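Participant: Quick one: sequence and predicted model below, then my questions.
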Amino acid sequence: MTGPTGNVGRALVERLVAAGRPVRALTRDPGRARLPAGAETVRLDPDAPDAMFEGATKLFLYVQAGGEHTPRLLDAARVAGVRHVVLLSSGIIDSGADESHPIHVMHATAERHVRDSGLAWTFLRPNAFATNAFQWAPQIRTGDTVRGVFADGQAAPIHEDDIAAVAERALLDDGHEGAAHRLTGPEAITNAGQVAAI
């Protein structure tokens, strides 16, 4: 898997290790990753991708981990025997948002690369991550006023471990190939409501 030190990736590694599944975590700095002991931690090297995927049959792909090297990584994964990729994409893809928005472009491009790779695929399209609320933490710690935009803007933030739970099922269970799963939290809440809850 790529992106094992991020909020979703770390939760997914922990879930897979707890389930007794073999995990090869590809990271740019294995020495600082501090992943569970049951995970094999390997340096992500886009310039020498062949050995990274040896023996793997499934791949969890975090868009920013592959970046411009995503097509080469996917090709190396396919040649090594990977058959299914689960991509952490974004809900912006099917939201009707401006297709020139950088986040849309990044995820749409990654989805296209995955579709073109010859691998079976599953796309996970979460909207707002729960950890986005940390942006207000410094203001909350210093007083009773939080300044920001769109106080009445609504979202249904999803906890990163919930995204990891869906990724785990998409990797381990049959029937998710060719699916794009839209992921949200349990209820819509305004930004002001999130601040008040915090």
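Facilitator: Looks like it came in fine. Quick caveat, the model's predicted, so the values are computed rather than measured.
Participant: Helices along this structure, start to end?
Facilitator: 7-18, 30-33, 63-66, 70-80, 102-116, 137-142, 160-172, 191-197 (DSSP state H).
Participant: Mind checking which residue lies nearest the centre of this protein?
Facilitator: Centroid check for the chain by C-alpha atoms, centre = their mean gives residue 88 as the closest residue, at 3.6 Å.
Participant: one step back: dump the helices of the chain into a markdown table; add distance to residue 95, mean pLDDT and mean neighbour count as well.
Facilitator: Where you see a C-beta, it was placed from the backbone N, CA and C, and this is true even at glycine. What follows is the helices of the chain, written out as a markdown table (distance: least, C-beta to C-beta, whole Å; pLDDT from 0 to 100; neighbours: other C-beta atoms under 10 Å):
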| stretch | distance to residue 95 | mean pLDDT | mean neighbour count |
| --- | --- | --- | --- |
| helix 7-18 | 19 | 97 | 21 |
| helix 30-33 | 32 | 93 | 13 |
| helix 63-66 | 16 | 74 | 20 |
| helix 70-80 | 22 | 93 | 19 |
| helix 102-116 | 8 | 93 | 16 |
| helix 137-142 | 27 | 90 | 11 |
| helix 160-172 | 17 | 98 | 19 |
| helix 191-197 | 17 | 90 | 15 |
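Participant: okay, those in a markdown table with distance to residue 184 next?
Facilitator: Below are the helices of the chain laid out as a markdown table (distance: least, C-beta to C-beta, whole Å):
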| stretch | distance to residue 184 |
| --- | --- |
| helix 7-18 | 15 |
| helix 30-33 | 29 |
| helix 63-66 | 19 |
| helix 70-80 | 26 |
| helix 102-116 | 16 |
| helix 137-142 | 23 |
| helix 160-172 | 9 |
| helix 191-197 | 14 |
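Participant: All good on my end, thank you.
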